[in-house]
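A.B. asks: Compute the structure for the input listed below.
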Amino acid sequence: MDRLSQIAARFDIDGDVVSVSPLGNGLINDTYKVVTSLREEPSYVLQRINHAIFTDVELLQNNIDEVTSHIRHKLEKKGVSDVDRKVLTFVKDKITGKSYYFDGENYWRVSVFIPGAVSPEAVTPESARRAGEAFGNFQSMLADIEKPLGETIPGFHSMVLRLKQLDDAVRLDPVKRVAEVADLLEFINERRDKMTFAERLESQGMLTKRLCHCDTKVNNMMFDSKTEEFLLVIDLDTVMPSYVFSDYGDFLRTAASTVAEDDPNLDKVGFNSEIFKAFTEGYLKGADFLTDVEIKNLPEGVMLFPYMQGVRFLTDYINGDTYYKIKYPEHNLVRARNQFKLLESIEKQLPEISQYISSLKSLN
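C.D. replies: Now for the predicted structure:
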């Protein structure tokens, strides 16, 4: 038995391991499909957890265990059919009873494979609407979870932290790039106070953190391949306390941009209002727990994430490209300029964005 098969067999799975082979092309974790002696199709999914990014695996898996058990309980209470296809199930280590295994070098976990489930790749108004409802409903199901969960990546969507990291980079200027980005630093500083609105509202007692997915991409949903029924939200590693704008704004940052985030042709960068409207319609339908303050600040949430990501790209450029992978020396600078151009496009459409959100609120 090879090493991966030995690791899979360590978990409390049904049947003997027949084969382990690569599954998908995930950017963070290495993923494999496991076939057992009970059937020819995959039975389980084996993943190596990237503990360079998720440094506290105990906290990570505890979050996931709490979230999946909470969702399962809610679905069962509602009498939903086929619950095993609508919530992830993680298998325990046969020796420790934990939902992960540390082999002395790497961390591993095993979940039950969901047959006949597919993820969409293309972002269309229809897939955006379904994504909005799916992620809004996901937040809604977790809105009443009582046990406090931790941040799997501390400060992941903290604008205050990201600006501090930029300020530190500018102060140190390790590879002498600050002078050439003076225009972008001015652009950032002009919006600095506005973009820390969430932290300011929380300090005033007007906003609280919710449990959010924090990685709202269209391919983090799964549907039945035959009926096209929505099944579940996947990739739960980043589920953690955050402001609701994390799930709302981050989806629109990528899905509603007219080009990729590293397209150097800034004339092509714009904000797709049809994707915005579709996602927002679905999100407000699913997220039935939102307060008036949260809804009122959704337009700021749309602006927040291009700003935040632009700050992160620029910080990495100033630091000498130590975090994001680059294909050429100016790659992070191009990314930053792209994000700030997207933000400018959103700012121009802000009256229409605010009006549309208000119109939907009045209908709900």
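
A.B. asks: So Thr96 lies in a strand, does it not?
C.D. replies: No: Thr96: not assigned to a strand; according to DSSP: H, G, I helix; E, B strand; the rest coil it is coil.

A.B. asks: how close does it get to Trp108?
C.D. replies: Distance, Thr96 to Trp108, by CB to CB, to the nearest Å: 12 Å. For glycine as for every other residue, the C-beta is placed from the backbone atoms N, C-alpha and C.

A.B. asks: Between those two, which is the more surrounded one?
C.D. replies: Neighbour count, other CB atoms under 10 Å: between Thr96 and Trp108, Trp108 has more, with 22 against 11.

A.B. asks: Name the helix or strand for that one, please.
C.D. replies: Take DSSP states H and E as the rule and Trp108 turns out to sit in strand 107-112.

A.B. asks: and the next element down the chain from that strand?
C.D. replies: Where DSSP H and E defines the elements, the next helix or strand beyond strand 107-112 is strand 117-118.

A.B. asks: Describe which strands that next one pairs with in its sheet and in which direction.
C.D. replies: Partner strands for strand 117-118, per DSSP bridges, with pairing direction: strand 221-224 (antiparallel).

A.B. asks: Can you give the distance from the strand it pairs with to the centre of its chain?
C.D. replies: A distance of 16 Å separates the centroid of the chain from that of strand 221-224, by CA atoms, centre = their mean, to the nearest Å.

A.B. asks: Now do it, average pLDDT.
C.D. replies: Throughout strand 221-224, pLDDT has a mean value of 94.

A.B. asks: Just the CA trace of it, in PDB.
C.D. replies: Extracted in PDB, the C-alpha atoms of strand 221-224 (Å, rounded to 0.1, in the frame of the first residue of the first chain):
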ATOM      1  CA  MET A 221     -21.000  26.000  -4.800                       C
ATOM      2  CA  MET A 222     -22.100  22.500  -5.900                       C
ATOM      3  CA  PHE A 223     -25.200  21.500  -7.900                       C
ATOM      4  CA  ASP A 224     -26.800  18.200  -8.800                       C
END
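
A.B. asks: So which other helices or strands are in contact with the host helix or strand of Ser345?
C.D. replies: Using DSSP H and E, Ser345 sits within helix 331-348. Contact analysis of helix 331-348 by 3 or more CB pairs under 8 Å, 6 or more residues apart in numbering; DSSP states H and E lists helix 182-195, helix 298-318 as its packing neighbours.

A.B. asks: quick one: His331 and Arg337 touch, right?
C.D. replies: No: using CB atoms under 8 Å, His331 is not in contact with Arg337; the gap is 11.1 Å.

A.B. asks: Where does the prediction get shaky in the stretch 251-364 of the chain?
C.D. replies: 362-364 (pLDDT under 70).

A.B. asks: which stretch of helix or strand covers the residue nearest the centre of the chain?
C.D. replies: For the chain, Asp215 is the residue whose C-alpha lies nearest the centre (CA atoms, centre = their mean; 0.5 Å). Per DSSP H and E: Asp215 is located in neither a helix nor a strand.

A.B. asks: tell me the contacts of the nearest residue in space to Asp173 that is not next to it in sequence?
C.D. replies: Excluding its sequence neighbours, the residue lying closest to Asp173 (CB to CB, 6 or more residues apart in numbering) is Ile318, at 6.8 Å. Ile318 sits next to Leu166, Ala169, Val170, Asp173, Pro174, Val175, Arg177, Val178, Val181 when contact means CB atoms under 8 Å, 6 or more residues apart in numbering.

A.B. asks: Thanks a lot, see you next time.
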